[in-house]
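Enquirer: structure, please.
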Amino acid sequence: MMRGNSSDARLQVIGSVMRHTRKLLCARITRLAAAPDALFIAGWPLLVAEVEAAFRHEETLMECTGHGNLQAHLADNALALCALHRVTPRIEAGDTTLGREALGALDAILSLHRFTADLALVGAGARARKPAGSAARFKRHDRVAAV
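Expert: From the prediction side, this is the model:
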C-alpha cells in the first residue's frame with residue numbers, strides 16, 4: 001500500500017514540475033510576443049533553445065514514470081520543434097509576423113500538452129494502483145471493443 005502512495009506522490013511532483021515548466025514557457029511566449037520587432041528577432045533563438053531544453057527535461061520525466069503516451073508526446077514535441085526550426089531563418093531575416101503567428105501556435109500546443117500531460121499522469125497513477133488481474137480484463141475488453 002505504501003508503494004502506491006509513494007508512486008502517487010512521485011507522479012504529483014512530476015506533474016507539478018511539468019506544469020510549472022510549461023507555465024514558464026507560456027509566460028516567456030507572452031513576453032516575446034509583446035516585444036518590439038528588434039527584440040523579438042533577438043529573442044527568438046533563445047526561446048527556441050528554452051523550448052528544446054524544456055521538452056528534453058519533460059521527456060526524461062515522462063520516461064522515468066513509464067508514461068503511457070510517451071511516443072505520441074515525443075512525436076508532438078518533434079513536430080513543434082521542427083516547425084520552430086523551419087521558421088527560424090525567416091524570423092531572423094525579419095519576418096516577425098510569421099514569428100508571432102508561430103508563437104500563438106506554440107502557446108496553444110503548450111497549453112494542450114499541459115492538459116493532456118495532467119490527464120496521462122492521473123491515468124498512470126490509477127494504473128499503478130490497479131490489482132494485478134485488472135490488466136487482463138482490460139485487454140479482453142479491448143479485443144472485444146476492436147471487433
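Enquirer: sketch out the low-pLDDT regions of this protein for me.
Expert: Low-confidence segments of the chain, defined by pLDDT under 70, span residues 1-7, 67-68, 114-147.
Enquirer: so which residue is smack in the middle of the chain?
Expert: Within the chain, one residue has its C-alpha closest to the average C-alpha position: by CA atoms, centre = their mean, that is His113, at 4.4 Å.
Enquirer: dump the residue contacts of it.
Expert: Taking CB atoms under 8 Å, 6 or more residues apart in numbering, we find His113 in contact with Arg22, His73, Asp76. Bear in mind the C-beta positions are built from the backbone N, C-alpha and C, glycine included.
Enquirer: neighbour-wise, which one of those residues leads?
Expert: Arg22 (21 neighbours; other CB atoms under 10 Å).
Enquirer: that residue and Ala75: what is the separation?
Expert: When CB to CB, to the nearest Å is applied, the distance between Arg22 and Ala75 equals 17 Å.
Enquirer: distance from stretch 63-70 to the middle of the chain?
Expert: Taking CA atoms, centre = their mean, to the nearest Å, one finds the center of stretch 63-70 at 12 Å from the center of the full chain.
Enquirer: and it, C-alpha only, in PDB?
Expert: Only the C-alpha atoms of stretch 63-70 are listed here, as PDB (Å, rounded to 0.1, in the frame of the first residue of the first chain):
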ATOM      1  CA  GLU A  63      10.300   8.200 -19.400                       C
ATOM      2  CA  CYS A  64      11.100   7.800 -15.700                       C
ATOM      3  CA  THR A  65       7.400   7.400 -14.900                       C
ATOM      4  CA  GLY A  66       6.600   5.000 -17.600                       C
ATOM      5  CA  HIS A  67       4.200   7.500 -19.200                       C
ATOM      6  CA  GLY A  68       1.800   5.600 -21.400                       C
ATOM      7  CA  ASN A  69       1.500   8.200 -24.200                       C
ATOM      8  CA  LEU A  70       5.200   8.900 -24.400                       C
END
